[in-house]
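Q: with the sequence up front, the predicted model follows.
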Amino acid sequence: MPARDEPRPPHDSGAVDAGPATEAEPLAPRARLLPALAAVYRAQLSRARVARIPLLFVATFQSVGIMILMRGVVDGGDEARAVVAGSTVLVVAFVALNLLAQYFGQLRASGGLDHYATLPVPPASVVLGTAGAYASFTVPGTVVTAVAGSVLFQLPLAHLWVLAAVVPLAGAALAGLGAALGLLAPRQELATLLGQLGMSAALLLGVLPADRLPEPIAYARDLLPSTYGVEALARTFGDHPDWAAVGADLAVCAAVGVVSLAVATWAYRRAAVR
């Protein structure tokens, strides 16, 4: 009788035993918000210090030149306070709104967002760190403009310390708006155009005294975030500032800053996944 075929043991099969299945190595933990934000802030500040210093001189020179021109038609009082405050905040608008819109528009068009998307950092840290770097980069220009305007229009210098609140709060509101414009614009050229239009609005609605504007435009002035920073700074040039009103204007800047930065973070997530 022919021998019955014996069943083969598993190891005699043609397949090669690969051993026990290996588990996938865990990915590196995602960086926390604050350390990632600080890293992005330092990197962007270092980059801006090299690339944006000439433009900061342009922004400061532009604001000082506007005040010199307005000196011929404005003598003093509330109008002088409005001109100096508006020219000071215009430096913030030029950098935090205009340049940031251009930067994020260029970053999106060139594929630079893909680099940030590969990093284990929260999207909010990229937006907040970049916006913070651009906003803080405006500090020298705003101080120079405020001091020069106060001397030019013979305004008191005693309360210029309020710039320590006006610059970051107005800067946050304008930087969030600029980042959102740059990230949501479908083309880089459109992001540049929107940044320029935003800065022009800050110039016309912030520097010109409110009582000289037509009524429809005066209503539009209330919709611009930088207006509240201008009003807060202008109130401090008086002999007895209304600090409650100053605080209310700064609170509006802070609220708009939170909303605009949240929108910019959403726009970053939306642009990074495309």
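A: Ah, there it is. Residues are numbered from 1 along each chain as shown.
Q: and stretch 204-219, what's buried?
A: 205-210 (16 or more other Cβ atoms under 10 Å). Any C-beta I mention is one placed from the backbone N, CA and C, and that applies to glycine too.
Q: after the host helix or strand of Gln196 comes which helix or strand?
A: Using DSSP states H and E, Gln196 sits in helix 188-207. Once helix 188-207 ends, the next helix or strand along the chain (criterion: DSSP H and E) is helix 215-221.
Q: residues contacting that following helix, please?
A: Applying Cβ atoms under 8 Å, 6 or more residues apart in numbering, the contact partners of helix 215-221 are 205-206, 210, 213, 227.
Q: can I get that helix as PDB, trimmed to CA atoms?
A: Extracted in PDB, the C-alpha atoms of helix 215-221 (Å, rounded to 0.1, in the frame of the first residue of the first chain):
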ATOM      1  CA  GLU A 215     -21.100 110.500   8.100                       C
ATOM      2  CA  PRO A 216     -21.100 107.200   6.100                       C
ATOM      3  CA  ILE A 217     -17.300 106.900   6.200                       C
ATOM      4  CA  ALA A 218     -17.400 107.700   9.900                       C
ATOM      5  CA  TYR A 219     -19.600 104.600  10.400                       C
ATOM      6  CA  ALA A 220     -17.100 102.600   8.400                       C
ATOM      7  CA  ARG A 221     -14.400 103.900  10.700                       C
END
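Q: which helices and strands does the helix or strand where Ala164 lies pack with?
A: Assigned by DSSP H and E, Ala164 falls within helix 163-184. When contacts are defined as 3 or more Cβ pairs under 8 Å, 6 or more residues apart in numbering; DSSP states H and E, helix 163-184 packs onto helix 77-92, helix 100-110, helix 123-136, helix 139-152, helix 188-207, helix 225-235, helix 243-272.
Q: give me the contacts around the second one.
A: Okay, so that is helix 100-110. 112-113, 130-131, 134, 175, 178-179, 181-183, 185, 187-188, 190-192, 194-195, 198, 271.
Q: next, count neighbours for the closest residue to Val162 other than its chain neighbours.
A: Leaving aside its sequence neighbours, Val162 sits nearest to Thr236 (Cβ to Cβ, 6 or more residues apart in numbering; 4.9 Å). Neighbour count of Thr236, defined by other Cβ atoms under 10 Å: 21.
Q: how close does Val162 get to Pro120?
A: Val162 sits 39 Å away from Pro120, going by Cβ to Cβ, to the nearest Å.
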